[in-house]
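Participant: How does the following fold in three dimensions:
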Amino acid sequence: MRALVTGANGFVGLHLVAHLSSCGDEVIESDTNILDREAITATITAARPDVVYHLAAQADVGGSWHSPVETLRVNVEGTLNVCDASRIAGAQRVLGITSADVYGQVDQTHPDRTRIDETTPLRPASPYAASKAAAESIYTQAGLGHGLNVVLARSFNHLGPGQSDRFVASAIASRIAANERSGATTVSIGNLEARRDFTDVRDVVRAYRLLIEHGTPGEIYHVCSGQDRAIREIAEQLVGLAAFPMTLELDPDLLRPVDLKVLCGDNTKIRTHTGWQPQIPIETTLKDLLEFWRRNPAGVETPQHT
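Facilitator: Residues are numbered from 1 along each chain as shown. Below is the predicted model of the structure:
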């Protein structure tokens, strides 16, 4: 299978490229600016891919509050450009990546809403979430209006070695590794009470390839573990792996204007349609994440995939 990956040098992109290559796919890595319509069209049409994985995006939820226009342009206009280029190039299938943040603050008082499925109404609360909800409409229109075979992955939180320290678990791991080098004993944190559904990035990219192979065009699939954990649990596990005792310390500057209380997904649909399920325990993920920051103080490394 000839696969083109946008955002190939990003956190997920590096893992996806490695996984696709290990599966025997011919991979074309693209980091062309998706807002440059002519350039991304030229890149994709020249590559003549069978399938396109669209990962390029502005993915910083917190940062979207400070740059809402840029976030909307990259995630909406950029998605339109990739869809149009993929259609022109004759791609057989496109995997669009959106986010569980589109659900916003789900009403947890209803028993049937403790683990949300793909039919839950969207209530985006951040500029990032709004941009991803709008991108889903772009994908839908590409399918209904142009016949482009798009499968949507609505991904929940994922983490693992190589992730930017703009994301909570990786930020905590980077601070612990920095403390081990400096001798400091406090780790700055934001909201520890939020609960999130975490999946190892190496499991996530397996899901993406399986969705390209077995997902139904026009359908949305949750990529998630089906289990929510408090940020406090993640932070305490990471601190427990530190080389010497450390304490968590609240930093008000790390709090977001709006922070969703709980996001936990139902992964029944993707398991049923593709056979996928998470395989890597959270303990392994966090250990690998901390080791990454110990090896790479600057946060840059190309992952190895087996």
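Participant: how about low-confidence regions in the protein?
Facilitator: Counting by pLDDT under 70, the chain shows low-confidence ranges at 107-114, 256-259, 301-306.
Participant: can you do 90?
Facilitator: Low-confidence segments of the chain (pLDDT under 90): 59-63, 104-115, 166-167, 190-194, 250-263, 298-306.
Participant: hey, which helix is longest across it?
Facilitator: Longest helix of the chain, by residue count under DSSP state H: helix 127-146.
Participant: Can you name every helix or strand that that one contacts?
Facilitator: When contacts are defined as 3 or more CB pairs under 8 Å, 6 or more residues apart in numbering; DSSP states H and E, helix 127-146 packs onto helix 61-64, helix 68-72, helix 78-89, strand 93-99, strand 150-155. The way it works is simple: take the backbone N, C-alpha and C, and place the C-beta from them, glycine included.
Participant: now with 10 Å?
Facilitator: Helices and strands touching helix 127-146, by 3 or more CB pairs under 10 Å, 6 or more residues apart in numbering; DSSP states H and E, are helix 61-64, helix 68-72, helix 78-89, strand 93-99, strand 150-155, strand 220-223.
Participant: Run the chain-centre distance for the third one.
Facilitator: Relative to the mean C-alpha coordinate of its chain, helix 78-89 is positioned 20 Å out (CA atoms, centre = their mean, to the nearest Å).
Participant: Do a quick rundown of the strands in the chain.
Facilitator: Per DSSP state E, the chain carries strands over the ranges 2-6, 26-30, 51-54, 93-99, 150-155, 158-159, 186-189, 195-197, 199-200, 220-223, 228-230, 247-250.
Participant: which residues does Lys261 contact?
Facilitator: Applying CB atoms under 10 Å, 6 or more residues apart in numbering to Lys261 gives the contacts Gln105, Val106, Gln108, Asn191, Glu193, Ala194, Arg195.
Participant: ok, these vs Leu55, which is closest?
Facilitator: Distance ranking of those against Leu55, using CB to CB, places Ala194 first at 24.6 Å.
Participant: What distance do you get for the closest one to Leu260?
Facilitator: Ala194 is 7 Å from Leu260, where distance means CB to CB, to the nearest Å.
Participant: between these two, who's got more neighbours?
Facilitator: More neighbours surround Leu260 than the other of Ala194 and Leu260, with 21 against 18 (other CB atoms under 10 Å).
Participant: Now for the spatially closest residue to the more buried one that is not a sequence neighbour, how many residues are close by?
Facilitator: Sequence neighbours aside, Gln105 is the residue nearest to Leu260 in space, at 5.5 Å (criterion: CB to CB, 6 or more residues apart in numbering). For Gln105, the neighbour count with other CB under 10 Å is 14.
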